[in-house]
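Q: here's a sequence, model it:
(2 chains)
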Amino acid sequence: DAGVTQSPTHLIKTRGQQVTLRCSPKSGHDTVSWYQQALGQGPQFIFQYYEEEERQRGNFPDRFSGHQFPNYSSELNVNALLLGDSALYLCASSLSASGSTDTQYFGPGTRLTVL
Amino acid sequence: SQQGEEDPQALSIQEGENATMNCSYKTSINNLQWYRQNSGRGLVHLILIRSNEREKHSGRLRVTLDTSKKSSSLLITASRAADTASYFCATDANTDKLIFGTGTRLQVFP
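A: Numbers count the residues shown, from 1 in each chain, chains lettered A, B, ... in the order given. A predicted model of the protein is given here:
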């Protein structure tokens, strides 16, 4: 049973560029949440996708957008990258029937560095 | 913004000792969860305690919840070097968002 997978593992971009991060949820899960974790901080909720729609959003600008596909996988897109976007981006999956804030299963993360 | 604050920020103990971490939060909740993170990698779910529960056990872990004080504690008994990690509490703040605290960095020396 595959857990949550994320790609790529590491990514280096320059300011102003755009980036796409990918996530495949745990088998059987239909809800995907994205988090940003700056160095030394706790994860910050970006948004959550269910049934291919954004269901909840944290305090992140519109430069952060996402998508969920019919197979429940998800993408996180960040436009016009800033130095402050450098962080570990975590994807978590859960089963909607269990409640959107019930146990979440995290992927290993994508380390984004913006130069 | 962070909902929870863990205390202490860092903790160093010897193998075999117990480790206690505390979490305080600001608003009412449906549940509170504890997660572990090794060296900047993905988080691993440890335990979930609902607002109507006061104590929960899982192996060497014991979690308590005091909703009147808006606080929780995580106790790891007989700690091992492999327990070295950062530990985060997370609450739902009666929303559909999971909000994490700032974390406690635990170092267990052999």
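Q: quick check: beta-bridge partners of the residue most central in space within chain A?
A: Chain A has A:W34 as the residue nearest its centroid, 3.0 Å off, counting by Cα atoms, centre = their mean. On the basis of DSSP bridges, A:W34 takes part in beta bridges with A:F47, A:C91.
Q: give me the mean pLDDT for stretch A:84-96.
A: Taken as a whole, stretch A:84-96 has a mean pLDDT of 93.
Q: what of stretch B:88-99?
A: Confidence for stretch B:88-99, expressed as mean pLDDT, is 83.
Q: in it, what counts as buried?
A: Taking 16 or more other Cβ atoms under 10 Å in any protein chain shown as the basis for neighbour counts, the residues of stretch B:88-99 that come out buried are B:F88, B:C89, B:A90, B:T91, B:D92, B:A93, B:T95, B:D96, B:K97, B:L98, B:I99. Quick note: C-beta positions are derived from backbone N, CA and C, even for glycine.
Q: then stretch B:99-110?
A: Within stretch B:99-110, the residues scored as buried using 16+ other Cβ under 10 Å are B:I99, B:F100, B:G101, B:T102, B:G103, B:T104, B:R105, B:L106, B:V108.
Q: pull the CA atoms of it into PDB?
A: Taking Å, rounded to 0.1, in the frame of the first residue of the first chain, the C-alpha atoms of stretch B:99-110 are listed here in PDB:
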ATOM      1  CA  ILE B  99      -3.200  24.300  12.600                       C
ATOM      2  CA  PHE B 100       0.200  23.400  13.900                       C
ATOM      3  CA  GLY B 101       2.200  24.700  16.800                       C
ATOM      4  CA  THR B 102       5.900  25.700  16.800                       C
ATOM      5  CA  GLY B 103       7.200  22.400  17.900                       C
ATOM      6  CA  THR B 104       9.500  20.900  20.500                       C
ATOM      7  CA  ARG B 105      12.900  19.600  19.500                       C
ATOM      8  CA  LEU B 106      13.700  16.500  21.500                       C
ATOM      9  CA  GLN B 107      17.300  15.100  21.600                       C
ATOM     10  CA  VAL B 108      17.700  11.700  23.300                       C
ATOM     11  CA  PHE B 109      21.400  10.900  24.100                       C
ATOM     12  CA  PRO B 110      22.400   7.200  24.200                       C
END
